[in-house]
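Visitor: give me coordinates for this.
(one chain, ligands or ions: 1)
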Amino acid sequence: MVDFEKILGTIQEEMSYRDVSGKVASYIPELAKVDPKKFGMHIYCSDKNNYGFGDHEENFSIQSISKVFTLSLAIKHIGSKVWERVNVEPSGNPFNSLMQLEQDKGVPRNPFINSGALVICDILVNILDNPKKELLDFVRKITDNNSIDFNEKVATSELKSGYRNIALVNYMKALGNIKSDVDEIIDFYFYSCSLEMSCRNLAKAFIMYANKGVIPNSGEQILNPSTVKRINALMQTCGFYDESGEFSFEVGLPGKSGVGGGIAAIHPQQYAVAVWSPVLNEKGNSELGMKALERLTTLTGLSVF
Ligand code: GLN
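Guide: I've put the predicted structure just below:
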């Protein structure tokens, strides 16, 4: 039996000695205000036992981690048709690359870079009357927590400075890979990124990806096992942009990061884990978060490899 409580205690202590050299995301003005010293971690196990430390109950901006939820919702609605508009290959480039999109003729490399997530938002805006409500309902259901919400201030702050994302959608629209109104897609995308969750809620939300699509409280099957298999494969290969190889190498779990400093990851059949530390490395991934997860899979001996 792995003693998660003891191992988390060790990680908390080890991380308190570490220096970080990166910076908090500042291109979204609201995120620049976050205290760089925040640090929390929470593990939710398949047997429903869960453990956490530090700022694990505090809400933060999940940013690109929301791309896992929007993709899940799109697959739930249109199944494998999603893959007619977005590929499933690692990008090896920054998450907001325009150059790669031009090379790829407007078909994004994968759904976890910005261009890919924007196509997924287009799909949802196109088929749903109220995509924001559907996304909130989805996240509230899988966490069993109705208090989860968007942060309008963060969404508006990103809209004011979101030129690169606006360029990505417009470019894809010009090449015929965007159907809906550009402003509506951008609005939905920034709201999705502004979702706020604590490590505790995020770990609970991710446990269904460890449990073949079943949520813990009701036992309901939210996604089918084959969808979960594919989403996990994409998290493994594309969840950390041009640092996905490094994350696999160091940590060895399917996961997804966001520029709010959060990372969520899963071990099939075992646990989901969420960690938050806002200081990012140059690839836009949480510096301390990656280190903490490396220690978790090393100390527990539980990675997928
Ligand atoms: N909202 C951010 C953006 O579009 C999300 C990026 C991220 O978390 N990597 O730039």
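
Visitor: assign a three-state SS to Asn177, would you?
Guide: Following DSSP: H, G, I helix; E, B strand; the rest coil, the label given to Asn177 is coil.

Visitor: any bit of stretch 161-174 sitting next to the ligand?
Guide: Yes - Stretch 161-174 reaches the ligand (CB under 6 Å from any ligand atom) through Asn165. To be clear about C-beta, it is placed using only N, CA and C from the backbone, and glycine gets the same treatment.

Visitor: which outside residues touch that stretch?
Guide: Contact partners of stretch 161-174, identified using CB atoms under 8 Å, 6 or more residues apart in numbering, comprise 27-29, 96, 98, 101-102, 106, 108, 114-115, 118-119, 122, 158, 178, 182, 185-186, 189-190.

Visitor: ok, now stretch 14-22?
Guide: Identification of contacts with stretch 14-22 by CB under 8 Å, 6+ apart yields 36, 39, 277, 279-282, 287-288, 291-292, 295.

Visitor: so which of the residues you listed are in helices?
Guide: 287-288, 291-292, 295 (DSSP state H).

Visitor: how about the nearest residue to the spatially most central residue of the chain, chain neighbours excluded?
Guide: For the chain, the residue nearest the mean C-alpha position is Ile65 (1.4 Å; CA atoms, centre = their mean). Excluding the flanking residues, the one nearest Ile65 by CB to CB, 6 or more residues apart in numbering is Gly258, at 4.3 Å.

Visitor: could you do Lys132 as well?
Guide: What sits nearest to Lys132 in space, not counting adjacent residues and going by CB to CB, 6+ apart, is Tyr191, at 5.5 Å.

Visitor: what residues does this structure put near the ligand?
Guide: 63-64, 95-96, 114, 158, 165, 193, 258-259, 284.

Visitor: now with 5 Å, please.
Guide: Neighbours of the ligand within the chain, by CB under 5 Å from any ligand atom: 63-64, 95, 114, 193, 258-259.

Visitor: in the protein, what residue spans correspond to strands?
Guide: 23-24, 40-45, 50-54, 60-61, 149-150, 195-197, 255-257, 262-267, 271-276, 279-280 (DSSP state E).

Visitor: check the residue in the stretch 101-250 of the chain that the ligand sits nearest to and give its pLDDT.
Guide: Nearest residue of the stretch 101-250 of the chain to the ligand (CB to the nearest ligand atom) works out as Cys193 at 3.6 Å. Listed pLDDT for Cys193 reads 98.

Visitor: that one against Ala155, yeah?
Guide: Yes - under the criterion of CB atoms under 8 Å, Cys193 makes contact with Ala155 at 7.3 Å.

Visitor: who has more neighbours, the two?
Guide: Cys193 (29 against 23; other CB atoms under 10 Å).

Visitor: residues touching the more buried one, list them.
Guide: Applying CB under 8 Å, 6+ apart, we find Cys193 in contact with 61-64, 66, 154-155, 158, 258.

Visitor: same question for Asn201.
Guide: 143, 145, 148.

Visitor: and Asn281, by the same measure?
Guide: 22, 243, 287, 290.

Visitor: of those residues, which is the most crowded?
Guide: Met290 leads the contacts of Asn281 on contacts (other CB under 10 Å) with 23 neighbours.
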